[in-house]
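Peer 1: need coordinates for the following:
(one chain, ligands or ions: 1)
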Amino acid sequence: MAILVTGGAGFIGSHTCLELLSGGYDIIVVDNFSNSNPESLKRVTEITGKLIKIYPMDLLDLNSLETVFLDNHIEAVIHFAGLKAVGESVHDSLKYYKNNITATLLICELMQKYKVKKMVFSSSATVYGLPDSVPISEGFPLKALNPYGRTKLMIEEILQDLYVSDNEWSITILRYFNPIGAHESGWIGEDPSGTPNNLMPYITRVAVGQLKELQIFGKDYATVDGTGVRDYIHVVDLAKGHLLALDKTLTSSGVHTYNLGTGRGYSVLEVVEAFELATGVHIPYKMVQPRSGDAAICYADPTKAEKELNWKAAKGIIEMCQDAWRWQSNNPHGYVKKEESVNPRLVQSEDFLLPNN
Ligand code: UD1
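Peer 2: Coordinates of the predicted model:
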């Protein structure tokens, strides 16, 4: 029996694959590498010494996707695959609805058909919109502010309806706050294509000299120093949360929703200060206009995950900064370019050998 991980080559996906392999699970990854690099999975096998079965395919390709279910005994699906750039989703909403919603419908149909009714779904704190207060608990009102957020919210609702239609389903929805950091090896990490949209990859690109300075979006929020506050969570803590969520999914039924955050907020300036302290690298910045749709303050109440999943974030902001920097400074250009790195063994639907074998 294996766990099918969609989007397993991405930032959170690759770190979760690593934890799953270390936890003794067999895994199968389906990824179209549209916003990720197969090199991440190759490195996961190097770190763990374990094999991953990879299907380089698009979830929208129903016939190919069905072969994954026909070829394997799948116990559960961890569904990461999806597009996640807020700005792009505003300009190309259909692309987001097709890639995120349609793909989820297709995989759910196959899961239903092959009686694999267990899913862990990657949602986001974005479903809380602009919260009225903090900390944010799971019962807070939900509101999407853009097509990307709407896809997450719609999928959550689709999964709720799916359970109502068939009580055999077991679904765990994880609402991530702001994942940053990297595996302590510095061998896998966050590798956005183009100019990063998110804070930490932007900071690390400034630190490595590829971007001139950080632009801080807004200095007059009602926060400790006027800059936006977020709940940054180490990606390895987040990945470990998936294993506990998987345990829950495998041993229960129903739809369960959890915030995965630390419960503590840091302002942009506090993150810059922590990064400088953790790494000794100076980060020049300038204040610019607020980004539209940004909340002033957003941090989780993570007590439900602590009580029901026995999960708690363990790593602090300094470790997050150190690990993000180790990754970026060891890999100034991220994973090597896809054309150079694609190993033919990785683009076949078969077990690939351990590197150097
Ligand atoms: C963003 C997305 C959110 C998504 C999440 C994870 C938006 C509006 N929200 O969340 O939907 O789920 O990423 O991918 O894009 N900041 C700067 N300068 C920068 C970048 C960010 O000052 O160059 C500030 C932001 O204003 C914010 C904080 O840093 O206060 C964190 O920003 P970011 O990392 O983009 O995360 P979110 O906005 O919380």
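Peer 1: for residue 65, give its distance to the ligand.
Peer 2: Relative to the ligand, residue 65 is positioned 25 Å away (criterion: C-beta to the nearest ligand atom, to the nearest Å). Quick note: C-beta positions are derived from backbone N, CA and C, even for glycine.
Peer 1: which stretch of helix or strand covers that residue?
Peer 2: Here residue 65 sits within helix 62-71, counting by DSSP states H and E.
Peer 1: can you list the strands that whichever helix or strand comes after that helix pairs with?
Peer 2: As assigned by DSSP H and E, the chain's next helix or strand after helix 62-71 is strand 74-79. Using DSSP bridges, the strands paired with strand 74-79 in its sheet are strand 2-6 (parallel), strand 118-124 (parallel).
Peer 1: quick one: these as CSV, columns for distance to residue 248, mean pLDDT and mean neighbour count too.
Peer 2: Shown next, in CSV, are the strands paired with strand 74-79 (distance: least, C-beta to C-beta, whole Å; pLDDT from 0 to 100; neighbours: other C-beta atoms under 10 Å):
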stretch, distance to residue 248, mean pLDDT, mean neighbour count
strand 2-6, 14, 98, 25
strand 118-124, 9, 98, 24
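Peer 1: wait, residue 23 sits on residue 242?
Peer 2: No. If you go by C-beta atoms under 8 Å, residue 23 and residue 242 don't touch, sitting 9.9 Å apart.
Peer 1: ok, those two, which is more surrounded?
Peer 2: More neighbours sit around residue 242 than around the other of residue 23 and residue 242, counting by other C-beta atoms under 10 Å; the figures are 29 against 13.
Peer 1: distance of the spatially closest residue to the more buried one that is not a sequence neighbour from the ligand?
Peer 2: Nearest non-adjacent residue to residue 242, counting by C-beta to C-beta, 6 or more residues apart in numbering: residue 16, 4.7 Å away. In this structure, residue 16 and the ligand are 16 Å apart, going by C-beta to the nearest ligand atom.
Peer 1: right, and the helix or strand after the helix or strand encompassing residue 16?
Peer 2: In this structure, residue 16 is located in helix 11-22 according to DSSP H and E. Tracing the chain C-terminally past helix 11-22 and defining elements by DSSP H and E, one meets strand 27-31 next.
Peer 1: partner strands of that next one, with direction?
Peer 2: For strand 27-31, the paired strands and their directions (DSSP bridges) are strand 2-6 (parallel), strand 53-56 (parallel).
Peer 1: okay, the angle between it and helix 11-22?
Peer 2: With axes from the mean of the first three to the mean of the last three C-alpha atoms, to 10 degrees applied, the angle from strand 27-31 to helix 11-22 works out at 160 degrees.
Peer 1: from the chain's centroid, how far away is strand 27-31?
Peer 2: In terms of C-alpha atoms, centre = their mean, to the nearest Å, the gap separating the centre of strand 27-31 from the centre of its chain is 15 Å.
Peer 1: would you map the helices across the protein?
Peer 2: Shown for the chain, the helices assigned by DSSP state H span residues 11-22, 38-48, 62-71, 86-91, 93-96, 103-113, 147-165, 199-207, 235-251, 268-279, 303-309, 317-330, 338-341.
Peer 1: okay, those in JSON lines with distance to residue 221 and mean pLDDT next?
Peer 2: What follows is the helices of the chain, written out as JSON lines (distance: least, C-beta to C-beta, whole Å; pLDDT from 0 to 100):
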{"stretch": "helix 11-22", "distance to residue 221": "26", "mean pLDDT": "98"}
{"stretch": "helix 38-48", "distance to residue 221": "34", "mean pLDDT": "98"}
{"stretch": "helix 62-71", "distance to residue 221": "43", "mean pLDDT": "98"}
{"stretch": "helix 86-91", "distance to residue 221": "18", "mean pLDDT": "96"}
{"stretch": "helix 93-96", "distance to residue 221": "27", "mean pLDDT": "98"}
{"stretch": "helix 103-113", "distance to residue 221": "34", "mean pLDDT": "98"}
{"stretch": "helix 147-165", "distance to residue 221": "20", "mean pLDDT": "98"}
{"stretch": "helix 199-207", "distance to residue 221": "14", "mean pLDDT": "98"}
{"stretch": "helix 235-251", "distance to residue 221": "25", "mean pLDDT": "98"}
{"stretch": "helix 268-279", "distance to residue 221": "9", "mean pLDDT": "98"}
{"stretch": "helix 303-309", "distance to residue 221": "26", "mean pLDDT": "98"}
{"stretch": "helix 317-330", "distance to residue 221": "19", "mean pLDDT": "98"}
{"stretch": "helix 338-341", "distance to residue 221": "38", "mean pLDDT": "49"}
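Peer 1: winner for burial among the ones you listed?
Peer 2: helix 11-22 (a mean of 25; mean count of other C-beta atoms under 10 Å).
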